[in-house]
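**Student:** any chance you can model this:
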Amino acid sequence: NPWRITFDRQTGDLLIADVGQGTREEVNFQPAGAAGRNYCWRRKEGTLIFDASVACTAGTPTDPVLEYDHSAGKCSITGGYRYRGSRIAGIAGTYFYGDYCSGQIWGATESGGVWTSSQVFDTAFNISTFGEDERGEIYVVDLAGGAFYRLVGPGTTMGHDFDGDLK
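**Tutor:** Below is the predicted model:
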């Protein structure tokens, strides 16, 4: 159940946020030009076995690059974008994604094929989607609050002013 699939505007890589069956959320990574990957749903939920009776033999079985469980109120991943903007120094290539129920937003980076992720925001949002403008700046939508916000930097707050010019 992918919930937001995005192409990296610089590399052409595909990032797939996938809502799990009941206990795990995951992000799958499809490099540009690669083919034949199998993310093994129904056998696996994230890296855990979900149904051992189902084979995962077609193509190249591939584990997610990121995953998390449903502890602490987390329930449903919302995929985002790799940051390719210019307003925030030092975060180029960071993939931002969030959780619908908890409002948490993480930033993930890749080095040598290994992905690491850390929480950068703890919001009260019901995160339904992320967006990217023509300059590569990233936005997040709060479904319950009916508002959207522009990312202004890890460790800072997110907000908007009255005229919709997001900051």
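
**Student:** tell me the contacts of the residue of the chain most remote from its centre?
**Tutor:** Centroid-distance maximum for the chain: residue 53 at 29.2 Å, with Cα atoms, centre = their mean. By Cβ atoms under 8 Å, 6 or more residues apart in numbering, no residues touch residue 53. Placement of C-beta: from N, CA and C, glycine included.

**Student:** quick one: it and residue 43, what's the gap?
**Tutor:** For residue 53, the distance to residue 43 equals 8 Å [Cβ to Cβ, to the nearest Å].

**Student:** so where's the chain shaky on pLDDT?
**Tutor:** Applying pLDDT under 70 to the chain flags residues 154-167.

**Student:** which residue packs closest to residue 52, ignoring adjacent ones?
**Tutor:** Spatially, and ignoring its direct neighbours in sequence, residue 52 is nearest to residue 43 (7.2 Å; Cβ to Cβ, 6 or more residues apart in numbering).

**Student:** pull the number of nearby residues for the one you found.
**Tutor:** Residues within reach of residue 43, counting by other Cβ atoms under 10 Å, total 17.

**Student:** please apply the same query to residue 22.
**Tutor:** 9.

**Student:** pretty sure it is touching residue 69, no?
**Tutor:** No - counting by Cβ atoms under 8 Å, residue 22 stays clear of residue 69, with 10.4 Å between them.

**Student:** distance of the residue nearest to residue 52 from residue 67?
**Tutor:** In terms of Cβ to Cβ, residue 43 sits 15 Å off from residue 67.

**Student:** before we move on, what about residue 53?
**Tutor:** 22 Å.

**Student:** same check, this time on residue 12
**Tutor:** Taking Cβ to Cβ, one finds residue 12 at 24 Å from residue 67.

**Student:** now do residue 137
**Tutor:** Separation of residue 137 from residue 67 (Cβ to Cβ): 27 Å.

**Student:** how about residue 120?
**Tutor:** Distance from residue 120 to residue 67, by Cβ to Cβ: 18 Å.

**Student:** residue 119: how many residues sit nearby?
**Tutor:** So residue 119, with other Cβ under 10 Å, has 13 neighbours.
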